[in-house]
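Novice: Got a predicted model here, sequence first, then my questions.
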Amino acid sequence: MALTAAPGSWRSPGNSGRVLAGQDLVAGTYAELDRVRDVKLGQLKQYLAAGRLAGRPGVSSARPVPPRRAADRVQDPGEADRGSNLFTGPWRDSALTRRLRMEPAAAFVDYEHYEATGEPSAFFVQPIELDGAPAGWLILQCTIDKLNRIFDRGDYLGQTGEVFLVNRDRLMLTDSRFQSETSILRQHLSEQNISAKFAEGRGHKIITDYRGQRALTSFEVCPVLDKEWLLIAKIDEDEVVTRAWNRSGLEAMLMKAAAARQPAGVAPPRETANLVRVDMDEFHRVKPGAALLTYGVSTCTGIVITRPGHFGYLGHASTYDRCYGAGDIDLVAQMLKRIRQFEVYPSELRELRAVIVAPHVASARGVIERLLDAGILLSQITFVRDPGAPVRHDRRGPCVRTGPLDDPPGLVQATWAAVSSADTRARTPRAV
């Protein structure tokens, strides 16, 4: 896998054209996305077919509504709108009533918040006749939870994959896998991205998604009577790169980083307020506004794991740590266990950043492999060979730096510091 080595550091780049090594990797990923897309599309069509069948005359699950010149009252015993006049009552401004005023033939009313039930609902509308004259409509209400259940599993697409529906208004019709609050009819997607997919009908695209992550997508338009939905299956580009990474090449990559020219050391801040010292074979945690400090990394390894804007951990692994290949101490495992138990949900692992600081590569492989096994992607990891080299993340992230020669050797200090726009420009996702 093609990776870049900047002076004194290594990390995976962000541009897909340089990261995705070969058409086999891209084709294999799209084949997986197509498979999942087609499975979900089949389930969706079955659900919609059942809805249209239920809307036919004689099916008990439909809701009978007389024509406008009659009582115009809903005769469903199970809803708040029972006995109400849809055209003059509390629900007269609903999407359903607006459509009924058009006296349609068979129609579909797309999902919209329906106050009578207090949740998003869609409706299949089927006109009925009595003795050759219009007698009203049979209406099948489709609540959002039934639709959402089709898309609520994400294990078939790994750590960052998901499948969801979008309507013509660019609103998600199913919940995001990565948001604790519902995204249904709340999450707007990129106009350029979604409009292009509706226009193409079916295909593949690499885009920047609603989380700001580069993603490979497979999509297809699904007609629903006179409406259209867009079904999208996607996975983060960074996970594709991490999956395909051949770990046997890790050693060569680290040796290349070790041979790179090192920048000059940068003096750490002198303030001592809220400073937490980390000794050998231990780690500590701080919140934004505090700093972590450790000494004597010359033969050891400093490990920083953070969620920018939330917390930071700094560990000091000695040569007795398992990341060196032997020993009873496993500092990285302890740090990750605490983070996963108390700090982040599985969907938030993508927000972690890890920095490995050491003047050698002896332990870096062991640390990186532990991080990958924990679900952290290559793009989230930075290796700094020389503890004198400053390493910066994004605007809200930590600044990991060490002192010049007149400071104690091997000093590593993690502080919460902003960085300049020049440091973050390369990490800014491209708009689509």
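Specialist: The structure has been received and is ready for your questions.
Novice: so where do the helices sit in this structure?
Specialist: 16-19, 23-54, 95-100, 144-150, 191-200, 237-244, 250-259, 331-342, 364-373, 421-424 (DSSP state H).
Novice: for the ones you listed, which one sits closest to Glu119?
Specialist: helix 144-150 (5.9 Å; CB to CB). To be clear about C-beta, it is placed using only N, CA and C from the backbone, and glycine gets the same treatment.
Novice: Using CSV, list the CA coordinates for the closest one.
Specialist: Extracted in CSV, the C-alpha atoms of helix 144-150 (Å, rounded to 0.1, in the frame of the first residue of the first chain):
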residue,chain,number,x,y,z
ILE,A,144,-40.7,4.9,9.7
ASP,A,145,-39.6,2.2,12.2
LYS,A,146,-40.5,-0.6,9.8
LEU,A,147,-38.4,1.0,7.0
ASN,A,148,-35.6,1.8,9.4
ARG,A,149,-35.3,-1.8,10.5
ILE,A,150,-34.3,-2.9,7.0
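Novice: what is the rounded mean pLDDT of that helix?
Specialist: Here helix 144-150 scores 89 as its mean pLDDT.
Novice: helices or strands next to it in the packing?
Specialist: If you count contacts as 3 or more CB pairs under 8 Å, 6 or more residues apart in numbering; DSSP states H and E, helix 144-150 packs onto helix 23-54, strand 119-130.
Novice: which residues sit against that helix?
Specialist: 40, 43-44, 47, 111, 119-122, 165, 173-175, 184 (CB atoms under 8 Å, 6 or more residues apart in numbering).
Novice: before we move on, the earlier item: right, and the helices and strands packed on helix 144-150 - which one's nearest Ile232?
Specialist: helix 23-54 (7.8 Å).
Novice: Report the buried residues of the closest one.
Specialist: 25-26, 29-30, 32-34, 36-37, 40-41, 44, 48, 51, 54 (16 or more other CB atoms under 10 Å).
Novice: need the helices and strands packed on helix 144-150 in a markdown table with distance to Trp229 and mean pLDDT, can you?
Specialist: Below are these laid out as a markdown table (distance: least, CB to CB, whole Å; pLDDT from 0 to 100):
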| stretch | distance to Trp229 | mean pLDDT |
| --- | --- | --- |
| helix 23-54 | 8 | 86 |
| strand 119-130 | 10 | 86 |
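Novice: Could you point out which of these sits nearest Val361?
Specialist: So among the helices and strands packed on helix 144-150, helix 23-54 is nearest, using CB to CB, at 26.3 Å.
Novice: That closest one versus helix 237-244: what angle between them?
Specialist: Orientation check (axes from the mean of the first three to the mean of the last three CA atoms, to 10 degrees): helix 23-54 against helix 237-244 gives 120 degrees.
Novice: Counting by contacts, list what helix 23-54 packs against.
Specialist: Looks like helix 23-54 contacts strand 119-130, strand 133-143, helix 144-150, strand 162-166, strand 214-224, strand 227-236, helix 237-244 (3+ CB pairs under 8 Å, 6+ apart).
Novice: Among the contacts of helix 144-150, which one lies nearest to Arg385?
Specialist: Within the contacts of helix 144-150, the smallest distance to Arg385 is 43.2 Å, found for Asp175 (CB to CB).
Novice: and that closest one, how many residues sit next to it?
Specialist: Residues near Asp175, counting by other CB atoms under 10 Å, number 21.
Novice: Now do the same contact list for it.
Specialist: 148, 151-152, 164, 182-184 are the contacts of Asp175 under CB under 8 Å, 6+ apart.
Novice: which of those lies closest to Arg202?
Specialist: Distances from Arg202 to the contacts of Asp175, taken by CB to CB, are shortest for Phe164, at 16.4 Å.
Novice: Can you spell out which residues form a bridge with the closest one?
Specialist: Taking DSSP bridges as the rule, Phe164 bridges to Ile232.
Novice: From Thr217, how far off is it?
Specialist: Separation of Phe164 from Thr217 (CB to CB, to the nearest Å) stands at 11 Å.
Novice: Isn't Ala122 up against Asp110?
Specialist: Yes. Counting by CB atoms under 8 Å, Ala122 touches Asp110, with 5.7 Å between them.
Novice: As JSON lines, the contacts of helix 144-150 with distance to Ile376 would be great.
Specialist: JSON lines is the format used below for the contacts of helix 144-150 (distance: CB to CB, whole Å):
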{"residue": "Lys40", "distance to Ile376": "28"}
{"residue": "Gln43", "distance to Ile376": "32"}
{"residue": "Leu44", "distance to Ile376": "33"}
{"residue": "Tyr47", "distance to Ile376": "36"}
{"residue": "Tyr111", "distance to Ile376": "36"}
{"residue": "Glu119", "distance to Ile376": "37"}
{"residue": "Pro120", "distance to Ile376": "35"}
{"residue": "Ser121", "distance to Ile376": "40"}
{"residue": "Ala122", "distance to Ile376": "40"}
{"residue": "Leu165", "distance to Ile376": "30"}
{"residue": "Leu173", "distance to Ile376": "31"}
{"residue": "Thr174", "distance to Ile376": "27"}
{"residue": "Asp175", "distance to Ile376": "25"}
{"residue": "Ile184", "distance to Ile376": "30"}
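Novice: Among the residues you listed, find me the one that's closest to Gly309.
Specialist: Of these, the one sitting nearest to Gly309 (CB to CB) turns out to be Asp175, at 24.4 Å.
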